[in-house]
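Chemist: Quick one, what's the 3D model for this:
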Amino acid sequence: MTTVAKNIVDTLVASGVKRVYGIPGDSLNGFTDALRGSGIDWVHVRHEEAAAFAAGAEAALTGELAVAVGSAGPGNLHLINGLYDAQRSRVPVLAIAAHIPTEEIGSGYFQETHPQELFREASVYSEYVSSPTQMPRILRTAIQTALERRGVAVVVIPGDVALSEALDTTATPVRATRPRVLPSSSELDEAAALLNDAKRVTILAGAGAEHAHDQVVALAGKLAAPVVHTLRSKQFVEHDNPYDVGMTGLLGFASGYKAMEAADTLIMLGTDFPYRAFIPEKAKVVQIDLRGEHLGRRTPLALGLVGDVAETVDALLPLLPQQTDREHLDEALAHYAKTRTKLDDLATPRKGTQPLHPQYVARVIDELAADDAVFIPDVGSPVIWAARYLRMNGRRSLIGSFIHGSMANALPQAVGAAAATGRQVVAMSGDGGVAMLLGELLTLTQNRLPVKVVVFNNASLNFVELEMKAAGFVTNATDLENPSFAAIAEAAGLKAFRVDASADLHGALKEAFAYDGPALIDVVTERQELTIPPSVKLDQAKGFALYALRTLLSGRGDELLDLTRANLRQVF
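Modeler: Here you go, the predicted structure:
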C-alpha cells in the first residue's frame, strides 16, 4: 500500500529535495518511515526552530526548495520563528506540520493547536489536509506557491491522514519557472528621460540585484554614479565594482550615507530598504523592483518600474548617453576611501590580555576564511563587524536574519548552509545568540557538519546596551554570566579554542579553519566597543549625553571610564 506520507516523500524526491530538517514525533511516524530508502537525508536538529532556520539558509544559498517538519502541537509551533525569517527573506521553504488525530480536532485534545491559522502570517500558503482525496494536489500547490512567490508554504496534515492509503499516487516534479519581467517601452523612455536630466545620480542596490552585478556596474559607469549597497546585497554588488562606496542604513558607512544625501536623483534597484531616515528627502527617486507592491512604500517616487533588475537595466542602458561629469562620483569615492581607512584603523590588536577589539576579530576571520566561505553573523553586533570587515569576491556568501532580525540565527542557519553545500561555513555568533540555541552544537557533531563557530564573547547583550546608551538609558539587565563556551563545545564533541589575547587569535582561527570537523572559537571581546552610525542624529547625541549623566549619578562612573579607554582611538 502506498500511503499519503509515501506519496509526499515521492513528490519531494521528484521535485529535487535532498534533505529534510526536523525532530521526529509520533504524528510524523508515517512521514519519517517513508523517508527510509528515499534518498532524502534526515537532518536531525535539537530544536524545531533550528530546523526552520536551517531550511531557510539552504534555500537562500541554493535558490531551491528546502523542507522543515514538525510534529503535532508544540513540535510544529517551534518552527514559527525560523519560518518567519524565511518568509521575510523571501526564500522557498516547505513546512510540513503534523496535526493531532482527525477525529480529535476541535475537542481540546492533548497538544491541540490550529496550525493552519498560526502559520498564516508567516507564509504565502497555509492549508489543512483533512482527507486523502486532497492529496497530492495540495502538496503540489504548496510547493509551486513557495517557489513562485519565494516564501514559506505550510501543509498541515494529521498523522492518521498521512498513514491513509493514497488515492492518487502521482509524484509530479514541481520546479520554479524563470520568467522575463520588463517594464513597457514607454516606462523605460520615461526613466531614461529622468536620468538624462539628472546631474548627481546615486544607485542604491539591494538584494534584487543578486544576478545583476554586471548590469549594476555598467549602469554606474554610464551615469558616473556611486553605488551604495544594502547589507543583503553586499555579497552581490560590492566585489569587482569600481563605483562601490559602501553601505548605508543603521549599520552602514558614512560614505554610503553621504553619497545618497548628495544626490539629486536616487535609483533604487531591487531594494525595499526600510530605513526611511537614510533616504534623501530632496532627491527624485526612481525605483525598479520585481514586486510592484514594494514601489513607493518607503518614499514618494518620481517613477516606479516593475521588472527584473538585470533585464530592466539591460533594456535601459542603450537609452542613456555616457555621462562625462564625474564630480559627484569622484567625491563619493574619495569619501569612501577615507571612511574605509578609518574603519580599517579600528581593526587592530591589543596588548596582553585586554579583551579583543571585535573589529580585529572580524578582520582576521576575513583574512583566513576560504575564498568561497559562507559567513553567517548573529543579529546584534556581529552583523556590524560582518558588514564592515568581511570582503566579498563573487564566490563568498553572506546570509543572516537581516530582515526578521532574530537572535540566535547564526548557529542553526550554519547547519543548513553546511548540510546543503560543501563550502566552509563560518558562524559569527554573539554570546547571547549562541547560548539561546546551544543544543545545536550537538546537531553539528551528530550530523558531522564542519561548521566553524566564532563566539564574540563580551559577557553582555551588547547591541541592546548600545541601543540603551543611544536612547539615554543606563544599561540594565544586559549582563551575561557566561561559562566557558570552549569547554561546553569540547564536551559536545567539537574542537574548541579559548582566545583571551590578541596574539593568540590568528593561530587559533587558522587551526580551527583547517580542522576537518566542527570547531568553536570562544573569543573574549571588548564589551564597551562603540559602533558609530553613518550619521549621528541630534537625538542620538543627546541620548548618549543623557546616558553618561545618568550613569554618573547612579554611581557607575567606572563604566564610563571603561568605555572611554576602549574607544579613545575612535575619537582621536
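Chemist: Only C-alpha atoms from now on, for both contacts and neighbour counts.
Modeler: Will do.
Chemist: Quick check: which ranges of the stretch 401-550 of the chain have low pLDDT?
Modeler: 468-471, 474, 530-550 (pLDDT under 70).
Chemist: And the strands in the stretch 401-550 of the chain, which stretches?
Modeler: For the stretch 401-550 of the chain, the strands defined by DSSP state E, counting those that start in this stretch cover 425-430, 452-457, 495-499, 519-524.
Chemist: Let's have the ones you listed in a markdown table, adding distance to E281 and mean neighbour count.
Modeler: Converted to a markdown table, these look like this (distance: least, Cα to Cα, whole Å; neighbours: other Cα atoms under 10 Å):
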| stretch | distance to E281 | mean neighbour count |
| --- | --- | --- |
| strand 425-430 | 35 | 30 |
| strand 452-457 | 37 | 29 |
| strand 495-499 | 46 | 21 |
| strand 519-524 | 42 | 27 |
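Chemist: How confident was the prediction at the most centrally placed residue in the chain?
Modeler: Here the mean C-alpha position of the chain is nearest to the C-alpha of G400 (Cα atoms, centre = their mean), at a distance of 2.2 Å. G400 is assigned 98 on the pLDDT scale.
Chemist: On the three-state scheme, it is what?
Modeler: coil (DSSP: H, G, I helix; E, B strand; the rest coil).
Chemist: Just give the nearest non-adjacent residue to it, would you?
Modeler: I376 (5.4 Å; Cα to Cα, 6 or more residues apart in numbering).
Chemist: now K199
Modeler: Nearest to K199 is D264, by Cα to Cα, 6+ apart, at 6.8 Å.
Chemist: Give me the secondary structure label for the residue nearest to G400.
Modeler: strand.
Chemist: Quick check: beta-bridge partners of it?
Modeler: The residues listed as beta-bridge partners of I376 by DSSP bridges are A427.
Chemist: I'd like the distance between it and Y515.
Modeler: Separation of I376 from Y515 (Cα to Cα, to the nearest Å): 19 Å.
Chemist: neighbour-wise, which of these two wins?
Modeler: It is I376, of I376 and Y515, that has more neighbours when counted by other Cα atoms under 10 Å, with 28 against 14.
Chemist: So, low pLDDT: which residues of this structure?
Modeler: 468-471, 474, 530-572.
Chemist: Pretty sure R88 sits against G400.
Modeler: No - using Cα atoms under 8 Å, R88 is not in contact with G400, being 11.5 Å away.
Chemist: Going along the chain, name the strands of the stretch 1-150 of the chain.
Modeler: Using DSSP E, counting those that start in this stretch, strands in the stretch 1-150 of the chain cover 19-22, 41-44, 66-70, 93-99, 125-128.
Chemist: if we compare these, which one ends up closest to G208?
Modeler: Of all the strands of the stretch 1-150 of the chain, it is strand 93-99 that lies closest to G208, at 18.6 Å by Cα to Cα.
Chemist: what's the closest one in contact with?
Modeler: 27-28, 52, 55-56, 59, 65-73, 76, 83, 86, 112, 115, 142-143, 146, 151-159 (Cα atoms under 8 Å, 6 or more residues apart in numbering).
Chemist: 7 Å - rerun?
Modeler: 27-28, 55-56, 59, 65-73, 76, 143, 146, 151-159 (Cα atoms under 7 Å, 6 or more residues apart in numbering).
Chemist: which ones among these are found in helices?
Modeler: A55, G56, A59, N76, I143, A146, G159 (DSSP state H).
Chemist: and which of the residues you listed is nearest to F473?
Modeler: Closest to F473, out of all of these and judged by Cα to Cα, is G56, at 35.7 Å.
Chemist: mind listing what the closest residue to A347 other than its chain neighbours touches?
Modeler: Nearest non-adjacent residue to A347, counting by Cα to Cα, 6+ apart: Y360, 4.0 Å away. Y360 makes contacts with A347, T348, P349, as judged by Cα under 7 Å, 6+ apart.
Chemist: JSON lines for these, including neighbour count and distance to L390?
Modeler: As requested, the contacts of Y360 are exported to JSON lines (neighbours: other Cα atoms under 10 Å; distance: Cα to Cα, whole Å):
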{"residue": "A347", "neighbour count": "19", "distance to L390": "12"}
{"residue": "T348", "neighbour count": "16", "distance to L390": "15"}
{"residue": "P349", "neighbour count": "18", "distance to L390": "17"}
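Chemist: can you list the residues you listed in a markdown table and add secondary structure?
Modeler: Supplementary listing: those in a markdown table, determined by three-state DSSP:
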| residue | secondary structure |
| --- | --- |
| A347 | coil |
| T348 | coil |
| P349 | coil |
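Chemist: any chance of those in JSON lines, plus distance to L368?
Modeler: What follows is the contacts of Y360, written out as JSON lines (distance: Cα to Cα, whole Å):
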{"residue": "A347", "distance to L368": "15"}
{"residue": "T348", "distance to L368": "16"}
{"residue": "P349", "distance to L368": "16"}
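Chemist: List just the nearest of those residues to D372.
Modeler: A347 (22.6 Å).
Chemist: Now that closest one. Its backbone dihedrals?
Modeler: phi -90, psi 70 (degrees, to the nearest 10).
Chemist: Quick check: it touching D366?
Modeler: No - between A347 and D366 there is no contact, the gap being 11.5 Å when judged by Cα atoms under 7 Å.
Chemist: where's S502 relative to A347, distance?
Modeler: S502 is 11 Å from A347, by Cα to Cα.
Chemist: can you check A435 too?
Modeler: 26 Å.
Chemist: for A259, same thing?
Modeler: 24 Å.
Chemist: got it, and E327?
Modeler: 31 Å.
Chemist: for N476, same thing?
Modeler: Taken as Cα to Cα, the span from N476 to A347 is 28 Å.
Chemist: Run a quick neighbour tally on G75.
Modeler: G75 has 22 nearby residues by other Cα under 10 Å.
Chemist: tell me the contacts of the nearest residue to it once chain neighbours are set aside?
Modeler: The shortest distance from G75 to any non-neighbouring residue, by Cα to Cα, 6+ apart, is to E48 (6.6 Å). Shown in contact with E48 (Cα under 7 Å, 6+ apart): G22, I23, G70, G75, H78, L79.
Chemist: could those be laid out in CSV, adding distance to T248?
Modeler: Formatted as CSV, the contacts of E48 follow (distance: Cα to Cα, whole Å):
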residue, distance to T248
G22, 37
I23, 40
G70, 38
G75, 39
H78, 34
L79, 32
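Chemist: re the thing from before, what's the closest of the strands of the stretch 401-550 of the chain to P136?
Modeler: Closest among the strands of the stretch 401-550 of the chain, using Cα to Cα: strand 425-430, at 35.9 Å.
Chemist: Tell me which residues are up against that closest one.
Modeler: Residues contacting strand 425-430 (Cα under 7 Å, 6+ apart): 373-378, 382, 410-411, 414, 417-418, 451-457.
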